[in-house]
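>>> sequence first, predicted model second:
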Amino acid sequence: MDLKERVRRTIERYRLLARDDQVLVAVSGGPDSLALLYLLRELAPDFQLSLWVFHLNHLLRGRQAEAEAEFVGQTALKLGLPSTIERFDVRQFQKEKGLSLEEAARLVRYRFLYQTARENGLNRIALGHTRDDQAETVLLNILRGAGLEGLAGMPPARPVTLRELSTSLVAAGSVPPLTGIDDKTQARALTSKRDEVGQDDQAAFWLIRPLIEVGRAEIETYCREKSLQPRRDPSNLETRFRRNKIRLELLPALERDYNPRIRRNLARLAETLRLDYEWIKGLAHRRLSEITEVTAGPLRPSPGDFRAPGPGYYAIPRLALEIAGLRSDPPGLRRWVLRLALQKVRGSLQGIGQKHLEAVEALVMAPEGGREVHLPGVRVYRDYRFLTLQVQPEQGLESGVSAGRQERPGSRQPTGSESPPVLGQLVLPVPGLVHLPEMGIVIQADRVPLSRSGLVPRADQTGLAEAERDTLTSTVNPPGYSGKDGLLGWGRTGEWEAWLNEETLILPLAVRFRRVGDRFWPLGTVAPVKLKDFLIAQKVPRRLRDHLPLVVSGPDIVWIPGLRLSEGHKLKEDSRRAVRLICRDQGLNSEEAGAL
């Protein structure tokens, strides 16, 4: 069987291509990629393919690299195919990010491939990896101490999702950003709650490897038969690169001294383990779906606009898993679920190793909550019920002040009986509202004259007070994450609205975070207590205590949204004016919030 038919068989076996596919072919100019281009051109009429040639000059080898880029461009022109030839200083990128040269080149190359495919509406990216490359990859991963996924090698095909597009180079950055994906689409891909959490989003395109069952010697023979003149990269002969050392020294020694079919056998091992890997991964996906509570996190503002929320805000990816479910799983399944959770939040597992997974697993199995670990690009913290994984935000809330949202003197003009603005807090006019985009919420205040007919009947006032009369020592369990109960990732059903006695308030109100020495008089108790003691008694996770919004009137904390209002500012039977406070999702108006 000639090489064309063998490649066709691989394509059909793994369903790499379909009729009318638009294929971006990555061509370095070397034997493998050049053979791939010509083979796909031969097969194009059978599949009605449209081909597009891509080449990246890494600016590592001066004139020789420029000559290779020119060669690829001329080859595309000769074949009548469109092409994209890019240039990027990979060595500078490597120095900036502290990566190996191989890793930096790979990251940049894939980012440009994704960009080109996205910009030109291409749904396949064809790579020239061969069976020899697969053997080298498996052996390299064995030496690294890889697990099942690493031993499964390179798959013949895999999807590239919007999530991966949006978070590619999460550890590298600084490569020209992807275009054609707006903030809202990226946020949806990163934080969407799906029925099957962890299942791949709809693929933006697929990476395919049509030569994965072809040996390198067969590629060389094909190039000679077709009179092709591939370019040879001399850096492929430098044994200072680990992969080259495996190709040039270790594999030949294994062939000579142990097994002449070692390359074929390693490739077969990868194929066998890939089937096991996909089965186990499917089980872990289903388990992840079962124990996942929430995937939406606080909002991150766009640079330069820190006051009013709008299209520039997008959710920081976050995933919360039930501790009880994780602890009940067999260790092997638990480790896989944690891997998939990290992948879902980060977009990839690049930079995540065994020691990171072990640290997260230790957090799960610890006897108590209130702990956290920091992984590359991800913060993982544990409270009483959940293990939460959240992408590290570039900017966010800090104790005592909302980053970038400190009230500027004179920025608001309060009216009526007022107190001067205080640094480190946001003024809440009555009536009026404040946005907390970092948390994705709005706190709204309205003035209600109780003497007017039809507004807040006496029975409702009494009922509200009685319903909220809990003791300080009563505990609060986090409710389901829906509507207002999930705004802060913590809260109490029915406590997202408060009615205060205006006659006891100093207006305007303000919103801030807790400070050293804060005291609070919880509704239904006999005296003020330390705010810290109240939050501990309510089992508010330590990680949230510095980030709960507090509504204050002068020196008094009058309401903690989701928890309790103040005994000293509650409505009384003879109250004539009320201030109604609502904490709601910033995407809802007050009427919609009231319906939750």
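Nice, I can see it. Residues are numbered from 1 along each chain as shown.

>>> so what does residue 389 have for phi and psi?
phi -110, psi 130 (degrees, to the nearest 10).

>>> contacting residues for it?
Shown in contact with residue 389 (Cβ atoms under 8 Å, 6 or more residues apart in numbering): 318-321, 341-342, 345, 378-380. For every residue, glycine as well, the C-beta is placed using N, CA and C.

>>> let's have those in a markdown table, adding distance to residue 209.
As requested, these are arranged in a markdown table below (distance: Cβ to Cβ, whole Å):
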| residue | distance to residue 209 |
| --- | --- |
| 318 | 34 |
| 319 | 31 |
| 320 | 36 |
| 321 | 33 |
| 341 | 28 |
| 342 | 25 |
| 345 | 27 |
| 378 | 29 |
| 379 | 35 |
| 380 | 34 |
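
>>> and those residues, which of them are in helices?
Using DSSP state H, the members of the contacts of residue 389 that fall in helices are 341-342, 345.

>>> now, which of the residues you listed sits nearest residue 581?
Checking these against residue 581 with Cβ to Cβ, the nearest one is residue 345 at 33.0 Å.

>>> could you report the neighbour count for the closest one?
26 (other Cβ atoms under 10 Å).

>>> so it makes contact with residue 319?
Yes: the criterion here is Cβ atoms under 8 Å, and residue 345 meets it with residue 319 at 5.1 Å.

>>> overlap of the contact sets of these two?
Contacts common to residue 345 and residue 319, judged by Cβ under 8 Å, 6+ apart, are 389-390.

>>> in this protein, where is pLDDT below threshold?
Where the chain drops to pLDDT under 70, the residues are 162-202, 294-317, 369-370, 393-424, 438, 451-494, 586-596.

>>> try 50
Counting by pLDDT under 50, the chain contains low-confidence residues at 169-200, 295-315, 394-423, 452-493, 588, 590-596.

>>> of all the helix elements in the protein, which one is longest?
Assigned via DSSP H, the chain shows its longest helix as helix 262-291.

>>> just give me how far it sits from the chain centre.
Counting by Cα atoms, centre = their mean, to the nearest Å, helix 262-291 is centred 23 Å from the centre of its parent chain.

>>> in that helix, what counts as buried?
For helix 262-291, a neighbour-count test (16 or more other Cβ atoms under 10 Å) marks 262-264, 266-267, 269-270, 273-274, 277, 281, 284-285, 287-289, 291 as buried.

>>> put the alpha carbons of the host helix or strand of residue 579 into CSV.
Assessed by DSSP states H and E, residue 579 sits inside strand 577-585. Presented in CSV, the C-alpha positions along strand 577-585 are these (Å, rounded to 0.1, in the frame of the first residue of the first chain):
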residue,chain,number,x,y,z
ARG,A,577,-39.8,56.1,57.7
ALA,A,578,-37.8,53.1,56.4
VAL,A,579,-34.8,52.6,54.2
ARG,A,580,-35.1,49.4,52.1
LEU,A,581,-31.9,47.8,51.1
ILE,A,582,-31.5,45.2,48.4
CYS,A,583,-28.4,43.3,47.4
ARG,A,584,-28.7,41.9,43.9
ASP,A,585,-26.9,40.5,40.9
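
>>> what strands flank that strand, and is each parallel or antiparallel?
strand 441-449 (antiparallel), strand 497-501 (antiparallel) (DSSP bridges).

>>> what's residue 121 sitting at in phi/psi?
phi 70, psi 30.

>>> adding distance to residue 28, write the ones in helices among the contacts of residue 389 out as JSON lines.
As requested, those are exported to JSON lines (distance: Cβ to Cβ, whole Å):
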{"residue": "341", "distance to residue 28": "36"}
{"residue": "342", "distance to residue 28": "32"}
{"residue": "345", "distance to residue 28": "33"}
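
>>> what residues does stretch 234-251 touch?
With contact meaning Cβ under 8 Å, 6+ apart, stretch 234-251 is reached by 30, 60-61, 64, 101-102, 132, 135-136, 139-140, 143, 262-263.

>>> need the max-distance pair from the residues you listed.
64 and 262 (32.4 Å).

>>> close enough to count as contact, residue 144 and residue 137?
No: contact between residue 144 and residue 137 fails when scored by Cβ under 8 Å: they sit 10.5 Å apart.

>>> more neighbours, the two?
Shown here are residue 144 and residue 137; by other Cβ under 10 Å, residue 137 has more neighbours (22 against 12).

>>> number of nearby residues for the closest residue to the more buried one other than its chain neighbours?
Nearest non-adjacent residue to residue 137, counting by Cβ to Cβ, 6 or more residues apart in numbering: residue 153, 4.9 Å away. Residue 153 has 27 neighbouring residues, counting by other Cβ under 10 Å.

>>> list the contacts for residue 153?
The contact partners of residue 153, by Cβ under 8 Å, 6+ apart, come to 134, 137-138, 141, 267, 270, 273-274.

>>> please apply the same query to residue 23.
With Cβ under 8 Å, 6+ apart, residue 23 has these contacts: 17, 40, 49-52, 122-126.

>>> secondary structure class of it, three-state.
strand (DSSP: H, G, I helix; E, B strand; the rest coil).

>>> how about the nearest residue to it, chain neighbours excluded?
Using Cβ to Cβ, 6+ apart, the closest residue to residue 23 is residue 124 (4.4 Å).

>>> now tell me what touches the helix or strand where residue 132 lies from outside.
Per DSSP H and E, residue 132 falls inside helix 131-144. With Cβ under 8 Å, 6+ apart as the contact definition, helix 131-144 has outside contacts at 32, 150-151, 153-154, 211-216, 242-243, 246-247, 250-251, 262-264, 266-267, 269-270.

>>> and with 6 Å instead?
Identification of contacts with helix 131-144 by Cβ atoms under 6 Å, 6 or more residues apart in numbering yields 150, 153-154, 213-216, 243, 246-247, 263, 266-267, 270.

>>> test my guess that residue 321 contacts residue 290.
No: between residue 321 and residue 290 there is no contact under Cβ atoms under 6 Å: 9.9 Å.

>>> and which of the ones in helices among the contacts of residue 389 is nearest to residue 579?
Using Cβ to Cβ, the ones in helices among the contacts of residue 389 come closest to residue 579 at residue 345, 39.3 Å.

>>> distance of the closest one from residue 388?
Distance, residue 345 to residue 388, by Cβ to Cβ, to the nearest Å: 10 Å.

>>> equivalent analysis for residue 81, please.
In this view, residue 81 and residue 388 are 48 Å apart by Cβ to Cβ.

>>> cool, residue 363 as well?
10 Å.

>>> repeat for residue 97
Counting by Cβ to Cβ, the gap from residue 97 to residue 388 is 28 Å.

>>> who's more crowded, the two?
The neighbour count for residue 97 versus residue 388, taken as other Cβ under 10 Å, is higher for residue 388 (22 against 16).

>>> can I assume the more buried one sits in a helix?
No: going by three-state DSSP, the assignment for residue 388 is strand, not a helix.

>>> in stretch 527-535, what's buried?
Within stretch 527-535, the residues scored as buried using 16+ other Cβ under 10 Å are 528, 531-532, 534-535.
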